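Student: structure for the following, please:
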Amino acid sequence: MLKFAIIGFGGLGKVHFRNMIELQKTRGDIKLVALCDIEESRFSEETSTNLGGNTTPVDLSKFNLYTDVNKLLEKEELDFVITALPTYIHEKIAVLALEKGLCVFSEKPMALNLEQCQNMIDKAKENNKHLMIGQCLRYWPEYSKLKEYIDSEEYGKVIRAEFSRYSPTPTWTWENWMLDNEKSGGAALDMHVHDVDYINYVFGKPNSVSSVASHGKSKYDSMFTTYKYDDKFVTSSCDWGLPASYPFSPAFLVRFENATVEMNNNGMKVYPEGEPSYIPLLVPGNAYMEEIKDFINCINEDREITVNNPQSVMQSIKIALAEKESTDKGVVVNV
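Tutor: Below is the predicted model:
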């Protein structure tokens with residue numbers, strides 16, 4: 001039986017909470033024993049994200065509640081923790097838990113810089129514990145299907161690919177930390193990193209990046225990047241400076257030699273050359289739950305994390321930081 005706690009009970013912490021409660025109903029090898037958040041009110045209030053509002057169940061009496069992470073780690077006998085915290089303390093809390101001998105699932109982005117990322121990886125190795133970063137697109141049904149098309153070359157090689165992610169301004173975070181570039185890295189490291197990570201996951205590290213950004217409602221509140229590969233043309237864009245009435249909108253359009261594959265808020269569709277378009281059959285699943293299930297299975301089976309490998313995710317941070325450098329200096333940056 002793996003005992004665990006959730007550290008950080010804001011919007012995404014509540015997403016993980018609900019998923020884990022559901023997961024416990026179908027498997028008897030895990031048990032949520034504690035919740036922790038610096039603000040006690042988080043245990044009773046609704047918290048919003050760009051995915052919508054999340055309402056906490058009224059009865060949390062079966063769980064031990066903490067407002068101090070040190071007391072949590074001191075008093076509870078745990079096997080792993082799920083952390084959904086502000087980016088600027090990702091490394092600190094992950095390292096603290098790893099040094100206590102716990103496996104760690106830490107939400108994206110991995111950290112604010114490469115030194116912090118490497119420290120997390122080193123501490124996991126030193127303590128022989130698993131570390132996974134919550135880059136959920138690697139498990140998202142539409143993105144998983146797109147990867148199948150890319151890997152199988154069913155429609156030939158990729159000629160061009162574009163990815164985008166648009167959102168209202170994230171004004172719902174604790175002490176508004178997300179709009180502070182020093183704490184979040186801006187949209188570049190917080191929201192845009194989803195597409196950066198997926199591009200890295202399916203295409204590998206680009207030779208170079210060329211980026212432009214805006215700094216309107218916050219620093220790096222939008223970004224557009226061209227990724228240089230030898231055999232394909234790849235771009236991505238993000239913007240979290242949109243009005244509150246604008247819906248969260250992730251999308252991609254990938255042109256293969258013999259088809260175009262598109263995904264937006266209306267769903268996913270394939271447009272083969274010379275044939276009718278069709279809606280592909282997707283493997284159903286909740287990406288947030290699937291990544292945690294994979295994490296737990298890696299712990300139980302004592303095997304390496306392959307899909308969300310922390311070294312690969314660290315490379316995604318390297319690419320995103322190169323994009324920020326490109327916008328700051330107005331130059332192409334080799335990765």
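
Student: ranges for the strands of the stretch 201-335 of the chain?
Tutor: Taking DSSP state E, counting those that start in this stretch, the strands of the stretch 201-335 of the chain run over residues 208-214, 222-228, 233-242, 249-256, 259-264, 267-272, 333-334.

Student: just put those in TSV and tack on distance to Ser106.
Tutor: Heads up, the C-betas are built off the backbone N, CA and C, glycines and all. Listed next are those as TSV, based on distance: least, C-beta to C-beta, whole Å:
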stretch	distance to Ser106
strand 208-214	25
strand 222-228	23
strand 233-242	21
strand 249-256	22
strand 259-264	27
strand 267-272	29
strand 333-334	26
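
Student: among those strands, which is nearest Ile296?
Tutor: Closest approach to Ile296 among the strands of the stretch 201-335 of the chain (C-beta to C-beta): strand 249-256, 26.2 Å.

Student: what strands line up against that closest one, and which way round?
Tutor: strand 158-168 (antiparallel), strand 259-264 (antiparallel) (DSSP bridges).

Student: how near is the residue of the chain most remote from its centre to Asn308?
Tutor: Farthest-out residue of the chain from its mean C-alpha position, per C-alpha atoms, centre = their mean: Gly274, at 36.7 Å. Using C-beta to C-beta, to the nearest Å, Gly274 is found at 38 Å from Asn308.

Student: try Val104
Tutor: 12 Å.

Student: and the pLDDT for Glu40?
Tutor: If you check Glu40, the pLDDT there is 93.

Student: in this structure it contacts Tyr66, no?
Tutor: No: the criterion here is C-beta atoms under 8 Å, and Glu40 misses it with Tyr66 at 9.4 Å.

Student: okay, those two: which has more neighbours?
Tutor: Between Glu40 and Tyr66, counting by other C-beta atoms under 10 Å, Tyr66 is the more crowded of the two (23 against 12).

Student: still on that earlier bit, which neighbours do Val104 and Asn308 share?
Tutor: Met132 (C-beta atoms under 8 Å, 6 or more residues apart in numbering).

Student: more neighbours: which of those two?
Tutor: More neighbours surround Val104 than the other of Val104 and Asn308, with 28 against 23 (other C-beta under 10 Å).

Student: do you know how far that one is from Leu78?
Tutor: 11 Å.

Student: run through the neighbouring helices and strands of the lengthiest helix in the chain.
Tutor: In the chain, assigned by DSSP state H, the helix with the most residues is helix 310-329. If contacts are counted by 3 or more C-beta pairs under 8 Å, 6 or more residues apart in numbering; DSSP states H and E, helix 310-329 sits against helix 114-126, strand 131-134, helix 186-190, helix 193-203, strand 208-214, strand 222-228, strand 333-334.

Student: report the inter-axis angle for it versus strand 222-228.
Tutor: 110 degrees (axes from the mean of the first three to the mean of the last three C-alpha atoms, to 10 degrees).
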